[in-house]
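Peer 1: quick one, fold the following:
(2 chains)
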Amino acid sequence: MAAPSKSATMDYPVKVAAPPAILEREPLIKPTRNIAYISDAIAGVAEGPTPKWWWICFSISTTMLTVCWAMIFYLMSTGVGVWGLGHPVMWGWAIVNFVWWIGIGHAGTLISAILFLLRQRWRTSINRAAEAMTIFAVMCAGIYPLIHIGRIWYGWWLFPIPNSNGIWPQFRSPLMWDVFAVSTYFTVSVLFWYMGLIPDLAVMRDRAKTKIRKFAYGFFALGWTGANRHWSNYEKAYLILAGLSTPLVLSVHSIVSLDFSVSQLPGWHTTIFPPYFVAGAVYSGFGMVLTLLVPLRRLLHLEDIIRVRHVELMCKVTLATGSIVGYAYMMEFFIAWYSGNPYERFQFLNTRAADPYFLAPLFHTKAAPYWWAYWTMLICNVVVPQFFWFKKVRTSMFVVFILSILVNIGMWFERFVIVDLSLHREFIPSNWNYYSPTAIDILQFLGTFGLFFTCFLLFLRFVPLIAIAEVKGVTPQADPHNPLGGAKIGGGH
Amino acid sequence: MPQSYAIMAEFENPADILHAAEKVRDEGFRNWDVFTPYPIHGMDGAMGLKNSKVGWFSFIGGCTGYATGMLIIWYMNAVNYPIVIGGKPMFSPFYSFPPSYELTILFGAFGSLLGMLFLNRLPRLHHPLLKNRRFALATHDRYFMVIECNDPKYSQIETQRLLESLGSRHIELVEDD
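Peer 2: The predicted structure follows:
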């Protein structure tokens, strides 16, 4: 394609002053790259020889996956006593991990649905990988509520399945709402992801060299031809799915938070929970997207498609949501004090925040047993994202990577603080207990990382990890009204 | 001798195919389409397509989902297996709202995806165009205009001349089988 030369603009009758250089936006795709490059670079990842680092990562993650199944098997054959649970902490790491993993998933849906509705075109470079992350994270999350019931073979009681016992699930409990929220979330995320994949699977089909690949990609591409009559329905369906996923993603973590806030435990019984959980979920999810994509763009040579600008923008979302989370922490504290409820005050000051060096001496009390967990959470979630105010930090990939891991750690501790700190000291002091996980708890958690990374690595090898058709659509070459897309200067349209 | 399925013209940039589509629309062709690697902005108007009907499928799906949620919860907790929990009513639209809300979204999403596939007559395991070697570029970086031979206005010579005048550099007949 012959791109019209720059000098063509000289003939244009009205001259408009170009905006100052500082307002000039960094293009989404490196300007020297054309449309063909996009499919070559992205599909090439799934077509080329398997890199060595992939095998190394894959063998580590499959080993961890084996640990995951082994721990589940041990749990099933022995009982939930293999975990560190005990009165009053009956929801230990399983629920912490559940909430953490499901929160991670939220960034994927936010990127694919909410940013789509907001016409944030930069999302196209990252949405596919983020949606895959969502699906795998929800899979990891889904394991925990299922196995924490102890007698896993009764797991189907959670679903309204007609049975010979003549009993039904009881919908006055938020736990049932959660079953519907999480299973809907998983299903709709898969539908949305798969629909986005259809045109890209057709790209893979048309490039395939071997018979097996041709058949497999052809089968899943459903006979997609790229006809505009199809695109017309497709784009409408995509828009509607984005519109449906937006209230979905906001409701899922809200309903997860209702599991806690509908109860009457100090530290759980709070109206701020739904928005606070959603903000935290998006925050942790963006942390995970950064952890995954910052090394991947380098390893897979996709720096021209996932550019520094994309990383910067993700850092800004992390900063915004991290600040909302920080505000929620402050508000929780304020309300605990303002409510005058002694249990609420005790929960926040004496059970969570009182560190042995400053707060405990200041208020003449004993240090909180888990003060270190609370302060890890506070530093990782409130202080760490504030570094993203600086452009130097946002553009340094190594620093972003390290900070994104701290974000993930911080959010895990937030779930731990909410679930276990509230439980371990509730109303009656004779009920108090100190909770610690067992090795099985820890291995089970590591095991789900095995599941997550095994799925993610397989995704990288077999499926285009960036939405090829969508990325093509945001280049200036794809715009019929842009000179690079073939528009005649002054042609009028 | 294999029959021709359609005439296929290749274009090299989105602006050319957009203007070509406007011309073909105005000529009054009916069985034709434009094949592009990504949806081109403004192409629906250039082809004279009406707003997609997918929304109806989603709407019906969503309504079905909400009704299903409310009905099954009412039946399960108030009719077939009533049991008092904390003095709460046997059925209330409030506690059954969250699951019904989720089912609205679930069924609505299935409605959109399946509705899109139905309107596009997909999945389709075979298509004459997919056998054409050159057409594989339609998912890469080329833009194709395809006018089917069964179009009432189709004539091999006239249509080919029209497509040439629209700026296509490569025109070929696609075989049917």
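
Peer 1: so A:Thr62 belongs to a helix, correct?
Peer 2: Yes. Looking at A:Thr62 with DSSP: H, G, I helix; E, B strand; the rest coil, it is inside a helix.

Peer 1: the closest residue to it other than its chain neighbours: neighbour count?
Peer 2: Using Cβ to Cβ, 6 or more residues apart in numbering or on different chains and skipping the chain neighbours, the partner closest in space to A:Thr62 is A:Thr454 (5.6 Å). Bear in mind the C-beta positions are built from the backbone N, C-alpha and C, glycine included. With neighbours defined by other Cβ atoms under 10 Å in any protein chain shown, the count for A:Thr454 comes to 21.

Peer 1: tell me which element A:Thr454 falls in.
Peer 2: Per DSSP states H and E, A:Thr454 falls inside helix A:439-462.

Peer 1: what helices or strands is that helix leaning on?
Peer 2: helix A:35-47, helix A:52-78, helix A:93-109, helix A:127-148 (3 or more Cβ pairs under 8 Å, 6 or more residues apart in numbering or on different chains; DSSP states H and E).

Peer 1: could you give the mean pLDDT of the longest one?
Peer 2: Regarding helix A:52-78, the rounded mean pLDDT is 96.

Peer 1: list the buried residues of that helix.
Peer 2: A:Trp54, A:Cys57, A:Phe58, A:Ser61, A:Met64, A:Leu65, A:Val67, A:Cys68, A:Met71, A:Ile72, A:Leu75 (16 or more other Cβ atoms under 10 Å in any protein chain shown).

Peer 1: helix, strand, or coil at the residue lying closest to B:Pro39 once chain neighbours are set aside?
Peer 2: Nearest non-adjacent residue to B:Pro39, counting by Cβ to Cβ, 6+ apart: A:Trp231, 4.0 Å away. Per three-state DSSP, the secondary structure class of A:Trp231 is helix.

Peer 1: dump the residue contacts of the residue nearest to A:Thr62.
Peer 2: Going by Cβ atoms under 8 Å, 6 or more residues apart in numbering or on different chains, A:Thr454 touches A:Phe58, A:Ser61, A:Thr62, A:Met64, A:Leu65.

Peer 1: ok, these vs A:Arg205, which is closest?
Peer 2: Nearest to A:Arg205, judged by Cβ to Cβ, of the contacts of A:Thr454 is A:Phe58 at 25.0 Å.

Peer 1: measure that closest one to A:Asn127 for me?
Peer 2: Separation of A:Phe58 from A:Asn127 (Cβ to Cβ, to the nearest Å) stands at 24 Å.

Peer 1: quick one on the thing from earlier: and which of the contacts of A:Thr454 is nearest to A:Cys380?
Peer 2: Nearest member of the contacts of A:Thr454 to A:Cys380, counting by Cβ to Cβ, is A:Met64, at 23.4 Å.

Peer 1: with adjacent residues omitted, what lies nearest to that closest one?
Peer 2: Of all residues beyond its chain neighbours, the one nearest A:Met64 is A:Gly450 (2.6 Å), with distances taken as Cβ to Cβ, 6+ apart.

Peer 1: go ahead and confirm the one you found touches A:Trp69.
Peer 2: No. Using Cβ atoms under 8 Å, A:Gly450 makes no contact with A:Trp69, being 9.1 Å away.

Peer 1: do you know which of the helices and strands packed on helix A:439-462 lies nearest A:Ile212?
Peer 2: helix A:35-47 (13.1 Å).

Peer 1: next, the buried residues of that closest one.
Peer 2: A:Ile35, A:Ala36, A:Tyr37, A:Ile38, A:Ser39, A:Asp40, A:Ala41, A:Ile42, A:Ala43, A:Val45, A:Ala46.

Peer 1: which neighbouring elements make contact with it?
Peer 2: Judged by 3+ Cβ pairs under 8 Å, 6+ apart, the packing partners of helix A:35-47 are helix A:174-207, helix A:439-462, helix A:468-473.

Peer 1: so how far is A:Gly196 from A:Ile135?
Peer 2: Remark: distance between A:Ile135 and A:Gly196 (Cβ to Cβ) = 12 Å.

Peer 1: any stretches of chain B with poor pLDDT?
Peer 2: Regions of chain B meeting the criterion pLDDT under 70 cover residues B:1-2.

Peer 1: if we can go back for a sec, most tightly surrounded among the helices and strands packed on helix A:35-47?
Peer 2: Highest mean neighbour count among the helices and strands packed on helix A:35-47 (mean count of other Cβ atoms under 10 Å in any protein chain shown): helix A:468-473, with a mean of 26.

Peer 1: please identify the helix or strand for the closest residue to chain B within the stretch 251-400 of chain A.
Peer 2: Residue nearest to chain B within the stretch 251-400 of chain A: A:Ile255 (5.7 Å; Cβ to the nearest Cβ). Assigned by DSSP H and E, A:Ile255 falls within helix A:228-261.

Peer 1: buried set for that helix?
Peer 2: Of the residues in helix A:228-261, those buried (16+ other Cβ under 10 Å) are A:228-246, A:248-261.

Peer 1: packing partners for that helix?
Peer 2: helix A:93-109, helix A:115-117, helix A:174-207, helix A:273-299, strand B:32-35, helix B:43-47, helix B:54-74, helix B:97-119.

Peer 1: centre of the chain to the fourth one, how far?
Peer 2: What it means is helix A:273-299. For helix A:273-299, the gap between its own C-alpha mean and the chain's C-alpha mean amounts to 5 Å (Cα atoms, centre = their mean, to the nearest Å).

Peer 1: touching chain B at all, that helix?
Peer 2: No. Contact between helix A:273-299 and chain B is absent, the nearest approach being 11.3 Å (criterion: Cβ under 8 Å from any Cβ of the partner chain).

Peer 1: ok, then the element right after that helix?
Peer 2: helix A:308-339.

Peer 1: give the buried residues for that next one.
Peer 2: Neighbour count says helix A:308-339 has A:309-315, A:317-326, A:328-329, A:332, A:336 buried, by 16+ other Cβ under 10 Å.

Peer 1: for that helix, name the packing helices and strands.
Peer 2: helix A:273-299, helix A:342-345, helix A:391-395, helix A:397-416.

Peer 1: for the first one, buried residues please.
Peer 2: Meaning helix A:273-299. Buried residues in helix A:273-299, defined by neighbour count with 16+ other Cβ under 10 Å: A:273-274, A:276-294, A:296-297.

Peer 1: which residue of chain B sits farthest from its center?
Peer 2: Distance from the C-alpha centroid of chain B, by Cα atoms, centre = their mean, peaks at B:Gly87 (50.5 Å).

Peer 1: quick check: closest non-adjacent residue to the residue sitting nearest the centre point of chain B.
Peer 2: In chain B, the residue lying closest to the centroid (Cα atoms, centre = their mean) is B:Asn120, at 4.3 Å. Distances taken as Cβ to Cβ, 6+ apart place A:His230 nearest to B:Asn120, at 4.5 Å, with adjacent residues excluded.

Peer 1: just checking, that neighbour touches B:Pro123?
Peer 2: No. With contacts counted by Cβ under 8 Å, A:His230 stays clear of B:Pro123, the gap being 11.9 Å.

Peer 1: could you measure from the residue nearest to B:Pro39 over to A:Ile38?
Peer 2: In terms of Cβ to Cβ, A:Trp231 sits 17 Å off from A:Ile38.

Peer 1: same thing with A:Pro361?
Peer 2: As judged by Cβ to Cβ, A:Pro361 and A:Ile38 stand 61 Å apart.
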